[in-house]
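Asks: fold the following for me, if possible:
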Amino acid sequence: MSIMLANSLILIIGSIAVLFAAYFSVKSSVILGYHFGLSDELIGMTVLSVGTSLPEIMTHIICSLKIVEHPQLLNNLSGLVLGANIGSDIFQQNFVLGIVAIIGIVTVAKNHLLKDMGGLIGASLLVLMFGLNGTISRFEGFILFFGYILYLLILKKRGMIEKKSIIKIQKRQVFKNIAILILSFTIMAFSADKVVGSSEVLIKQLHISASYFGIIILGVAVALPELTTSLIAVFKNKKAISAGILIGSNVTNPMFALGLGALISTYTVPQVIILFDLPFKIFTALLILYFLWKHEILRKKNAIVLICIYLIYIYVRNLWFPIDF
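Replies: Now for the predicted structure:
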């Protein structure tokens, strides 16, 4: 078996293992969320957005620990993990949100829209500002990480904890779901380590930049939980949860996941991320804000525009920025 084929299989199997573990962790998180009386929107914005972002979070942790252990891999692993993080967000904002809007309905109340989308745009602007000098330091990682904690406290003040949402379960069920969470995290950590290792080999074999590999392969793979969970929420008529997952995840990834990773190791930032990826992400976020502000729902024709813009972005990105450093 060739090296490329073997590592491709490891990447696929590892990604599937991460996705299955993320699925069970999300399922248990929702049960625990309702047990403690969280509203649908808060579950979407926090429990599910963090739960579906676990593949990104685990990838950051694994890559950052590898950077600490092997500093010579700093540029390569930074490009890979930042590409996966930002690529995952762009895929969610444009492709996943578009698909969900075509199949079902994406709606956000106007009185919540500026706060929700403001958090998404603000998180991207922070990462862009921190990355202008070519690095994201541990201190900047600290600001991102604890900025996310502050963001959660702001959500709590919005009064999204509702007694009517409480669905109590037995203590045995509580401990069972906590055990499932711990086991899921363990499986994800092990699988993410294998995925990162195989990605390093494939980047060299395919002769493409680490950040582009992160965007088109790893970023899409780790965004699949958001896609599947959002579609399930749509089919169950939980529109607030569906929109909350996609918006909340796009705050969780740059603030919590990237912040935690930078806090562990620091990152070097490929120029393409500053010049193209983050500006594109912010532009499309503003476009989504405009669409939702105008109609309070994302119309199907708007969704098609977002998907087409994403496909153009993927093509132009590789054409104009074939290397990272």
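Asks: list the buried residues for whichever helix or strand L152 is part of?
Replies: For L152, the element it lies in under DSSP states H and E is helix 138-157. For helix 138-157, the neighbour count (16 or more other CB atoms under 10 Å) marks E140, G141, I143, L144, F145, G147, Y148, Y151, L152, L155 as buried. Where C-beta positions appear, they are placed from N, C-alpha and C, glycine not excepted.
Asks: for S198, state which of those residues is nearest.
Replies: Distances from S198 to those, taken as CB to CB, are shortest for G141 (25.8 Å).
Asks: now do the closest one, the pLDDT please.
Replies: Per-residue confidence for G141 comes out at a pLDDT of 97.
Asks: again, but for L77
Replies: For L77, pLDDT reads 94.
Asks: for the nearest residue to it once chain neighbours are set aside, what are its contacts?
Replies: Leaving out its chain neighbours, the residue that sits closest to L77 by CB to CB, 6 or more residues apart in numbering is C63, at 4.7 Å. Residues in contact with C63 (CB atoms under 8 Å, 6 or more residues apart in numbering) are L77, S78, L80, V81, V196, G261, S265.
Asks: kindly recompute the last result at 10 Å.
Replies: Contacts of C63 were listed using CB atoms under 10 Å, 6 or more residues apart in numbering, and they are 73, 76-78, 80-82, 84-85, 192-193, 196, 199-200, 214, 261, 264-265, 267.
Asks: repeat that for I167.
Replies: Neighbour list for I167: V30, I31, G33, Y34, H35, F36, G37 [criterion: CB under 10 Å, 6+ apart].
Asks: kindly report the same for P254.
Replies: Contacts of P254 (CB under 10 Å, 6+ apart): 56, 82, 85-86, 89, 120, 122-128, 130, 144, 147-148, 278, 281.
Asks: please pick the buried ones from those.
Replies: 56, 82, 85-86, 89, 120, 122-124, 126-128, 130, 144, 147-148, 278, 281.
Asks: which helix or which strand is home to the closest residue to I10 other than its chain neighbours?
Replies: Leaving aside its chain neighbours, I10 sits nearest to S198 (4.0 Å; criterion: CB to CB, 6+ apart). For S198, the host element (DSSP H and E) is helix 171-206.
Asks: distance between that helix and the chain's centre?
Replies: Centroid displacement of helix 171-206 relative to its chain, using CA atoms, centre = their mean, to the nearest Å, is 15 Å.
Asks: could you give the average pLDDT over that helix?
Replies: Regarding helix 171-206, the rounded mean pLDDT is 84.
Asks: pull out the buried residues from the next helix or strand after that helix.
Replies: Next along the chain after helix 171-206, taking DSSP H and E as the criterion, comes helix 210-213. Residues of helix 210-213 classed as buried: A210, S211, Y212, F213 (neighbour count, 16+ other CB under 10 Å).
Asks: my read: Y148 touches S249, true?
Replies: No: using CB atoms under 10 Å, Y148 is not in contact with S249, being 12.0 Å away.
Asks: now do the contacts for H70.
Replies: By CB under 10 Å, 6+ apart, H70 lies in contact with N76, L77.
Asks: now it: how far from N76?
Replies: Separation of H70 from N76 (CB to CB, to the nearest Å): 10 Å.
Asks: low-confidence stretches in the protein?
Replies: 1, 38-49, 52, 109, 156-166, 229, 233-234, 236-245 (pLDDT under 70).
Asks: what segments of it are strands?
Replies: Remark: strands assigned in the chain by DSSP state E are 135-136, 267-268.
Asks: highest mean neighbour count out of those strands?
Replies: Ranked by mean neighbour count under mean count of other CB atoms under 10 Å, these are led by strand 267-268, which reaches a mean of 24.
Asks: need the residues that contact that strand.
Replies: 60, 63-64, 67, 74-79, 81-82, 85, 130-131, 134-138, 140-141, 258, 261, 273, 324-325.
Asks: which ones among those residues are found in helices?
Replies: Using DSSP state H, the members of those that fall within helices are 60, 63-64, 67, 74-79, 81-82, 85, 130-131, 138, 140-141, 258, 261.
Asks: and stretch 287-294, how far from the chain's centre?
Replies: 21 Å.
Asks: make that stretch 262-279, sorry
Replies: Distance, stretch centre to chain centre, for stretch 262-279: 15 Å (CA atoms, centre = their mean).
Asks: got the end-to-end distance for it?
Replies: 21 Å (CA to CA, to the nearest Å).
Asks: sorry, back to before: which residues do Y148 and S249 both contact?
Replies: Joint contacts of Y148 and S249 (CB under 10 Å, 6+ apart) are V50, F256, A257.
Asks: enumerate every residue touching the last one.
Replies: Okay, so that is A257. When contacts are counted by CB under 10 Å, 6+ apart, A257 is found next to 50, 53-61, 81, 84-85, 88, 144-145, 148, 222, 249.
Asks: same check, this time on the first one
Replies: With contacts taken as CB under 10 Å, 6+ apart, V50 has the following neighbours: S25, V26, S29, I57, Y148, L152, G248, S249, T252, F256, A257.
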